[in-house]
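Asks: my questions are about this predicted structure, shown below with the sequence.
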Amino acid sequence: MIIKTLTAEKYTLKLRKPFSYHTLTLKHLPYALVRVTTDIGIVGIGEAALAWDVTGETQAGALAATKLIELIITGSRLLELEDVRKLMTNINEYLAGNTGLKAAIESALLDVLGQTKRKPIFALLGGKKRPFVRLQKTFSFEEMSDGLDSAIQEAQKQGVNIFKFKVGGDTSAEIDILRATRKMFPSIDIVLDANQAWDSPASALKFLKVLGSVKIKWFEQPLRAQDYDGLATLRSKTNVSIIADESCHNLWQLKILHEKNALDLVNIKLSKCGGLLEAQRMIGYCHKHGIKYMLGDMIQSDVGTAYNLHAACLGDFVSYDLTLPSRLRSPGVSGLSWNGYTVEVPAKPGLGVTYRRA
């Protein structure tokens with residue numbers, strides 16, 4: 001089987017409501033949908049989640065970069081997992097960065113291979129089947145005041161116990177909300193995600209001190225992405241677990257953060273690391289060094305969520321911060337089975353979902 005074409009098209013997702021955090025307010029998501037077509041007619045797909053504030057990617061850039069990558073992979077053999085590894089190595093040597101796009105290309109390649117071998121993607125990589133994944137509940141800035149209590153109660157009824165709050169905006173109001181939430185819901189796990197909101201360990205510590213007795217399970221990316229030393233200092237001065245997100249894209253950065261004692265956990269995202277192959281290497285390192293890890297995304301349709309669910313079968317994640325389909329206006333994707341905050345892991349050959357152009 002030979003790769004005949006690699007293409008990318010505009011794949012703009014529309015949010016039902018704005019989603020705000022420290023660096024951005026999102027109203028729509030200008031992504032790309034990648035397709036790999038083979039000489040025997042099998043087609044694989046992948047969603048390029050282009051987080052310009054995290055990976056520096058844009059829709060126009062991804063479409064242009066796909067044309068460059070097409071030149072080096074068309075005509076290549078695609079029969080075994082080793083072929084995918086080789087192709088992704090060639091792509092990484094040819095083009096730096098562009099990890100959201102690379103994850104989508106890897107998804108499409110593995111989708112083709114899985115369809116050919118009649119295996120789901122996670123099985124190709126030696127993963128263990130999970131019947132389902134239950135997500136955590138994440139609140140954007142807008143969602144932290146309007147109907148917060150009822151949203152928590154509804155999620156609890158569906159088995160959710162981890163609740164993430166975006167912080168670093170109006171911190172005084174956030175502290176009041178968190179105190180009231182902890183008082184009303186003493187048993188839930190509260191986690192905070194600052195998305196790089198604080199510029200020094202001292203300012204982050206001040207926030208935690210004012211927060212006082214509100215028990216926090218972990219504090220995600222409180223400082224600027226490049227401030228590894230600051231994260232290490234903060235971690236040494238608080239009992240709250242520190243989780244790296246924007247600071248940690250790949251295995252190389254994970255090793256540096258660990259060597260600096262700068263994290264307790266890491267948020268693994270396929271769009272940051274470039275796909276399942278690198279994520280699997282990161283998971284292996286975490287197991288070896290006793291680092292806990294969660295699975296996150298960039299707000300994605302069921303195309304990207306399906307790929308994340310295959311990642312869920314490759315390790316023991318402490319939490320799943322993935323996208324509920326209710327956040328998006330329907331992009332025409334079918335294949336995943338949702339029940340509130342629970343989603344079945346696709347077991348069909350390949351990626352397990354299909355996309356129909358609107």
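Replies: Now that the structure is in, tell me what you want to look at.

Asks: just the element for Leu29, please.
Replies: For Leu29, the enclosing helix or strand under DSSP states H and E is strand 25-38.

Asks: ok, then the element right after that strand?
Replies: Using DSSP H and E, the helix or strand that follows strand 25-38 towards the C-terminus is strand 43-48.

Asks: can you list the strands that that next one pairs with?
Replies: According to DSSP bridges, strand 43-48 forms sheet pairs with strand 25-38 (antiparallel).

Asks: mean confidence for the partner strand?
Replies: Over the span of strand 25-38, the pLDDT mean works out to 96.

Asks: how about stretch 248-267?
Replies: Along stretch 248-267, the predicted local confidence has a mean pLDDT of 98.

Asks: all helices of the stretch 51-200 of the chain, in order?
Replies: Using DSSP state H, counting those that start in this stretch, the helices of the stretch 51-200 of the chain run over residues 59-73, 81-94, 99-117, 121-124, 148-157, 171-184.

Asks: where does the chain have low pLDDT?
Replies: The chain contains residues with pLDDT under 70 at 358.

Asks: give me the domain ranges for it.
Replies: Residue ranges for each domain of the chain read 3-118, 124-355, as given by automatic domain parsing.

Asks: using a markdown table, please lay out the ones you listed together with mean neighbour count.
Replies: Where you see a C-beta, it was placed from the backbone N, CA and C, and this is true even at glycine. Formatted as a markdown table, the entries for the domains of the chain read as follows, by neighbours: other CB atoms under 10 Å:
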| stretch | mean neighbour count |
| --- | --- |
| domain 3-118 | 19 |
| domain 124-355 | 19 |
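
Asks: please save the CA atoms from stretch 54-65 in PDB.
Replies: Output of stretch 54-65 as PDB, limited to C-alpha atoms (Å, rounded to 0.1, in the frame of the first residue of the first chain):
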ATOM      1  CA  VAL A  54       0.600  27.400  22.700                       C
ATOM      2  CA  THR A  55       2.200  25.900  19.500                       C
ATOM      3  CA  GLY A  56       2.300  29.000  17.300                       C
ATOM      4  CA  GLU A  57       0.200  27.400  14.600                       C
ATOM      5  CA  THR A  58      -2.400  29.000  12.400                       C
ATOM      6  CA  GLN A  59      -4.900  27.700   9.900                       C
ATOM      7  CA  ALA A  60      -3.100  29.300   6.900                       C
ATOM      8  CA  GLY A  61       0.200  28.100   8.100                       C
ATOM      9  CA  ALA A  62      -1.000  24.500   8.500                       C
ATOM     10  CA  LEU A  63      -2.500  24.400   5.000                       C
ATOM     11  CA  ALA A  64       0.800  25.700   3.600                       C
ATOM     12  CA  ALA A  65       2.900  23.300   5.700                       C
END
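
Asks: what's the nearest residue to Glu174 once chain neighbours are set aside in contact with, if anything?
Replies: Spatially, and ignoring its direct neighbours in sequence, Glu174 is nearest to Val167 (4.9 Å; CB to CB, 6 or more residues apart in numbering). Contacts for Val167 (CB atoms under 8 Å, 6 or more residues apart in numbering) come out as 22, 174, 178, 192-194, 197, 207.

Asks: closest to Asp264 out of those residues?
Replies: Leu192 (13.6 Å; CB to CB).

Asks: so how far is Val214 from that closest one?
Replies: 10 Å (CB to CB, to the nearest Å).

Asks: give me the common contacts of those two.
Replies: Residues within reach of Leu192 and of Val214 at once, by CB under 8 Å, 6+ apart, are Leu178.

Asks: please report how far the residue lying closest to Met184 once chain neighbours are set aside lies from Phe163.
Replies: Once its chain neighbours are removed from consideration, Met184 has its nearest residue in Asp149; the separation is 6.3 Å (CB to CB, 6+ apart). Between Asp149 and Phe163 the distance is 11 Å, computed by CB to CB.

Asks: same deal with Gly284?
Replies: From Gly284 across to Phe163, the span is 30 Å (CB to CB).
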